[in-house]
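Colleague: Here is a sequence together with a model predicted from it:
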Amino acid sequence: MKEKISVLMSVYNAEKYLQTCINSVLNQSYSNFLFYIVNDCSTDNSLAIINSYNDNRIRLINNERNIGLTKSLNKALDYINTEYVARIDADDICEPNRLKYQLSIFENQDENLALVGASAYEIDEKGNLIGEINVENTNLKEKLFFKNTFVHSSVMLRTTVLKEFRFDESIKYAQDYSLWVKIAQKYNVKNCGAKLIRYRIHRESISVLKKKEQDLCVLPTINYQLKKIGIKNDVKRAKLAKLHFQYFNLEKKEFKFKDRFRIFLYFKNILKVNKHNKIYNDYFNQKLIGIINKEKGILFKCLKRFILVKVGFR
């Protein structure tokens with residue numbers, strides 16, 4: 001029987017967690033899959049660990065030089081011909097029914113469903129449970145405008161769709177967010193509430209080591225969404241993308257009055273453009289109205305405080 005799923009993983013110096021990850025894939029309750037592992041020139045024992053397995057489902061690709069996660073994933077994609085691709089990172093763990101569960105969702109939905117994500121357990125370096133990621137599963141196209149709503153290691157995609165868009169190699173980090181946004185603009189996307197992944201948080205992970213750089217890498221994705229919604233001027237769009245980033249990624253920052261006023265005008269403008277172009281549904285409009293009203297209230301309080309100080313009241 002031809003395999004229906006390819007599990008896709010890139011490895012670079014992951015010896016500490018690699019065996020646990022590989023075991024979680026090979027021991028899936030659904031066994032009709034191929035496991036593509038890209039060794040991105042690891043300098044630790046990662047390659048030896050991979051080679052210690054005698055399982056004909058494993059397809060090892062050895063890079064001649066280190067090319068990074070994005071290019072490694074795209075490279076492996078050229079070898080894949082199964083109907084679906086399931087992502088996993090080398091420090092995370094699949095729950096035993098992960099592949100079976102996501103495959104059943106695809107097979108019970110229409111062909112326009114392109115991507116299925118899942119909730120996750122959070123674990124520490126030793127595998128201890130430290131939290132949960134409960135993903136949202138409604139209005140995902142709209143919610144992606146504001147934040148990434150998918151756990152990368154939990155995602156299964158139609159291979160034809162993944163090959164249509166591929167990972168954007170111009171984006172060093174957070175390239176998954178860019179991909180989900182582009183797919184959601186054209187196809188249906190879905191999250192399931194079941195926790196199908198154990199997502200590891202540790203000191204060596206990109207989300208910890210490169211958090212600032214990773215955050216900044218969402219700017220091209222914000223810019224892309226603003227262009228889709230109808231902001232055509234490149235210079236203006238770049239400024240608005242930065243403003244959007246500051247609001248959602250630096251939310252605890254105390255904004256000056258003029259900056260908060262610019263934010264207020266930004267969201268009013270986006271609401272107006274979307275009502276005209278109808279790119280996003282009414283959930284999106286209501287979300288923007290909520291933000292606009294919140295910012296209007298804050299601006300009013302700031303203005304009132306300023307006037308009272310000017311006239312001598314504290």
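Modeller: Cool, got the structure.

Colleague: Run through the neighbouring helices and strands of the helix or strand hosting residue 305.
Modeller: For residue 305, the host element (DSSP states H and E) is helix 282-310. Here helix 282-310 touches helix 140-143, helix 257-277, going by 3 or more CB pairs under 8 Å, 6 or more residues apart in numbering; DSSP states H and E. C-betas here are computed from N, CA, C, even on glycine.

Colleague: what ranges do the strands span in this protein?
Modeller: 5-11, 33-39, 58-62, 84-87, 93-94, 113-123, 129-133, 156-158, 188-200 (DSSP state E).

Colleague: Adding distance to residue 304, write those out as a markdown table.
Modeller: Below are the strands of the chain laid out as a markdown table (distance: least, CB to CB, whole Å):
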| stretch | distance to residue 304 |
| --- | --- |
| strand 5-11 | 54 |
| strand 33-39 | 59 |
| strand 58-62 | 63 |
| strand 84-87 | 50 |
| strand 93-94 | 53 |
| strand 113-123 | 42 |
| strand 129-133 | 40 |
| strand 156-158 | 51 |
| strand 188-200 | 42 |
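
Colleague: residues contacting the residue nearest the centre of the chain?
Modeller: For the chain, the residue nearest the mean C-alpha position is residue 177 (3.8 Å; CA atoms, centre = their mean). Shown in contact with residue 177 (CB atoms under 8 Å, 6 or more residues apart in numbering): 144, 148, 218, 221.

Colleague: same thing with residue 37?
Modeller: Neighbour list for residue 37: 9, 10, 11, 22, 50, 58, 59, 60, 61 [criterion: CB under 8 Å, 6+ apart].

Colleague: what's the answer for residue 85, then?
Modeller: Per CB under 8 Å, 6+ apart, neighbours of residue 85: 5, 6, 7, 8, 77, 156, 157, 158, 159, 162.

Colleague: what's the distance between it and residue 103?
Modeller: 12 Å (CB to CB, to the nearest Å).

Colleague: Identify the contacts common to those two.
Modeller: 5, 156.

Colleague: would you turn the contacts of residue 85 into JSON lines with pLDDT, distance to residue 226 and neighbour count?
Modeller: Listed next are the contacts of residue 85 as JSON lines, based on pLDDT from 0 to 100; distance: CB to CB, whole Å; neighbours: other CB atoms under 10 Å:
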{"residue": "5", "pLDDT": "98", "distance to residue 226": "35", "neighbour count": "25"}
{"residue": "6", "pLDDT": "98", "distance to residue 226": "34", "neighbour count": "23"}
{"residue": "7", "pLDDT": "98", "distance to residue 226": "34", "neighbour count": "27"}
{"residue": "8", "pLDDT": "98", "distance to residue 226": "30", "neighbour count": "25"}
{"residue": "77", "pLDDT": "97", "distance to residue 226": "28", "neighbour count": "17"}
{"residue": "156", "pLDDT": "98", "distance to residue 226": "29", "neighbour count": "24"}
{"residue": "157", "pLDDT": "98", "distance to residue 226": "25", "neighbour count": "26"}
{"residue": "158", "pLDDT": "98", "distance to residue 226": "27", "neighbour count": "20"}
{"residue": "159", "pLDDT": "98", "distance to residue 226": "30", "neighbour count": "18"}
{"residue": "162", "pLDDT": "97", "distance to residue 226": "24", "neighbour count": "25"}
